[in-house]
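S.K.: Next input, structure requested:
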Amino acid sequence: MALANVAWILAANGHRVLVADWDLEAPDLYKFFQPFVDASIGNAPGIVDIIRRYEWSAVEAGIPPYDLESESADSRQAALQTVAALVNEHIERIRHHVLSLNWQFPRGGAVDYLSAGKQVNGDYQTILSALNWDNFYDNLYGAQFFDALRIYFKREWDYVLIDSRAGLSDIADICTIHLPDVVVNCFTLSPPAVDGAARIAQMIQNHTHRDIRVLPVPTRIDDSEKGKSGTSLTSAARKFPELPEGMEEEERRDYWASVAVPYRRAYSYEEMLAVFGDSPGSRTSLLYSFERLTGYITNGAVTGLPPMDEKLRLKTKLLVTESGHGA
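M.R.: Residues are numbered from 1 along each chain as shown. Okay, the predicted model is just below:
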């Protein structure tokens, strides 16, 4: 939900945004955008299909083994050129799988959507289960593939927001280590959730060769229990020492207070974007938290949702509610 709202806020400020559903085992990011995309979105090929087709092509092309140390310099160079050409060929096809949301954003803004994969006929789970990530990295130049993907993403869009599954896994590592500049580390305030998120943050800080910013974001804060929520929030912040980095203590306290996403019962009934569900200006709304988060992600370049016509907001809110109830 945070990702979908941040994407909309960025696009409403004139930026070209790609959202990629990389929660491959439970892809449902598209539900937040259903009123603005074609009904056949479940038929759209996506990440799993792209990776699988590259795997098939790599095997068919007989690309040389990853370890080329025993080869001559000329052989290594030729092999790496073959790999680069194959990787780029498949990366460039991604544009054909991207769907644009049907909304007129100002100043050339756009939200494009890349699905997890084609969700029909039961083939998706079969293809997903056939992916062997160790083999992809060890024998099929998976690192080079994702390096090229990262370059392509940054070249084609102003911002790319990737929805990752939670926890530790090969798939999650792609989204938390290999691809991002910033990791938005969302968690609830239950002790197991806080501890798990803190482990993820520590892993990113310890195991990456790139400077990846980690933004811890507590979510579903129930302010009907102000004493408990305040104590739990303070306790959670201690589990992320010196995060976010580069802040003075006062700035860090303001960060934790302003990005914490409140629980609002009205959002339990459909995948409603806060950009339509919340009235602008309230400092206790979901929208306010997402605006603040957008500001931290962009280093202050985008700090809020531009004014929207109130009739349009209410009309769209009704449309989302009706689509959520199968209307």
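
S.K.: Count the residues that sit near Glu250.
M.R.: Counted by other CB atoms under 10 Å, the residues lying close to Glu250 total 8. Any C-beta I mention is one placed from the backbone N, CA and C, and that applies to glycine too.

S.K.: Please disregard the earlier target; I meant Pro106.
M.R.: By other CB under 10 Å, neighbour count at Pro106 equals 10.

S.K.: Run through the residues that contact the spatially closest residue to it that is not a sequence neighbour.
M.R.: Among residues not flanking Pro106 along the chain, Gly14 sits closest, at 5.8 Å (CB to CB, 6 or more residues apart in numbering). By CB atoms under 8 Å, 6 or more residues apart in numbering, the contact list for Gly14 reads 105-109.

S.K.: pLDDT at Gly14, what is it?
M.R.: Looking at Gly14, its pLDDT is 98.

S.K.: Which of the contacts of Gly14 are buried, as a ChimeraX select command?
M.R.: Here is the ChimeraX selection string for the buried members of those, based on 16 or more other CB atoms under 10 Å:
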select :105,109
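
S.K.: Closest one of the contacts of Gly14 to Val320?
M.R.: Nearest to Val320 among these, counting by CB to CB, is Phe105 at 17.0 Å.

S.K.: Can you work out which other helices and strands pack against the helix or strand of the chain with the lowest mean pLDDT?
M.R.: None of the helices or strands of the chain scores lower by mean pLDDT, DSSP states H and E than helix 170-173, at a mean of 77. Where contact means 3 or more CB pairs under 8 Å, 6 or more residues apart in numbering; DSSP states H and E, helix 170-173 is packed against helix 133-139.

S.K.: Could you list the buried residues of the helix or strand harbouring Thr321?
M.R.: According to DSSP states H and E, Thr321 maps onto helix 310-324. Neighbour-count burial for helix 310-324 flags 313, 316-317, 320-321 (criterion: 16+ other CB under 10 Å).

S.K.: Likewise for stretch 266-282?
M.R.: By neighbour count on 16+ other CB under 10 Å, the buried set for stretch 266-282 is 267, 270-278, 280.

S.K.: Check stretch 250-267 too.
M.R.: For stretch 250-267, burial by neighbour count (16+ other CB under 10 Å) applies to 252, 255-256, 259-262, 264, 267.

S.K.: if we can go back for a sec, what about the contacts of Gly14, which are in strands?
M.R.: Among those, DSSP state E puts none in strands.

S.K.: sorry, back to before: let's have the buried residues of helix 310-324 in JSON lines, adding distance to Ala7 and pLDDT.
M.R.: Converted to JSON lines, the buried residues of helix 310-324 look like this (distance: CB to CB, whole Å; pLDDT from 0 to 100):
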{"residue": "Arg313", "distance to Ala7": "17", "pLDDT": "94"}
{"residue": "Thr316", "distance to Ala7": "16", "pLDDT": "93"}
{"residue": "Lys317", "distance to Ala7": "18", "pLDDT": "92"}
{"residue": "Val320", "distance to Ala7": "15", "pLDDT": "84"}
{"residue": "Thr321", "distance to Ala7": "20", "pLDDT": "83"}
